[in-house]
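> missing the sequence, but the structure's below:
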């Protein structure tokens, strides 16, 4: 489940940015692996929310939020995650970059009248 | 110009995550403001690259990378940026959240044979 972005807590918390370019090999297998990894990510204690989207060049951008760095490490070390990484490098993925970042500041805005509320 | 994600430096560096829900008022004005803000972001010293994409719910997700927190502050304080924020809150934006995060770790992978490289 994706939680709305305006429900995130006050900093500090953590964000992991995944930029992934599929190889084009076995797209159904890649999609199934992606779905399972998202499921694991959401079950991990400390999970706060995520956004997943397709970039113009066909890469996948996923931004996942956690309360702390330890939650991210635990998720990364999950046996199914390690196996998915191994298979990903073997066939599904052409490139990827993963960035783990500590959110230091955040600010937000909500219009007093939301679209459709009036 | 968007630089490829695999050209980013080793950590530490910074990422700013913008999640923006337009109000639907004056979409052309919103688009023009967005384009100008991206232009300013790219001209700011310390700029490393960005990804911009549309989420399934119609919100805009933009991830912009900078070498350091001072570059982000300077960009945020640009007079045109401040004016755009004011106008955005007045008419273009229903909601937004901006997060400034320090990238502590990054890892990446490039397949030995890239698609199309033969």
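Yep, it's here. Since we're looking at a predicted model, the values are computed, not measured. Numbers count the residues shown, from 1 in each chain, chains lettered A, B, ... in the order given.
> Would the lengthiest strand in chain A count as contacting chain B?
Longest strand in chain A by number of residues (criterion: DSSP state E): strand A:93-110. Yes - contact of strand A:93-110 with chain B (CB under 8 Å from any CB of the partner chain) involves A:93-110. Yep, even glycine has a C-beta here, placed from its N, CA and C like the rest.
> which of these are buried?
When the residues of strand A:93-110 next to chain B are checked for burial by 16 or more other CB atoms under 10 Å in any protein chain shown, the buried set is A:93-103, A:105-106, A:109.
> Same list (these) but as JSON lines, adding pLDDT.
Formatted as JSON lines, those follow (pLDDT from 0 to 100):
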{"residue": "A:93", "pLDDT": "96"}
{"residue": "A:94", "pLDDT": "97"}
{"residue": "A:95", "pLDDT": "96"}
{"residue": "A:96", "pLDDT": "96"}
{"residue": "A:97", "pLDDT": "97"}
{"residue": "A:98", "pLDDT": "96"}
{"residue": "A:99", "pLDDT": "98"}
{"residue": "A:100", "pLDDT": "98"}
{"residue": "A:101", "pLDDT": "98"}
{"residue": "A:102", "pLDDT": "98"}
{"residue": "A:103", "pLDDT": "98"}
{"residue": "A:105", "pLDDT": "97"}
{"residue": "A:106", "pLDDT": "97"}
{"residue": "A:109", "pLDDT": "95"}
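> Residue A:110 bridge partners, please.
Under DSSP bridges, the beta-bridge partners of residue A:110 are residue B:95.
> check contacts around the residue lying closest to residue A:100 once chain neighbours are set aside.
Setting aside the residues directly before and after it, residue A:100 is nearest to residue B:105 in space (CB to CB, 6 or more residues apart in numbering or on different chains), at 4.5 Å. The contact partners of residue B:105, taken as CB atoms under 8 Å, 6 or more residues apart in numbering or on different chains, are A:99, A:100, B:11.
> Residue B:20: which of those residues is nearest?
Nearest to residue B:20 out of the contacts of residue B:105 is residue A:99 (CB to CB; 20.8 Å).
> Give me the nearest residue to the residue in chain A positioned nearest to chain B, chain neighbours excluded.
Nearest residue of chain A to chain B (CB to the nearest CB) works out as residue A:101 at 3.7 Å. Nearest-residue entry for residue A:101: residue B:101, 3.7 Å, with adjacent residues in sequence omitted and distances by CB to CB, 6+ apart.
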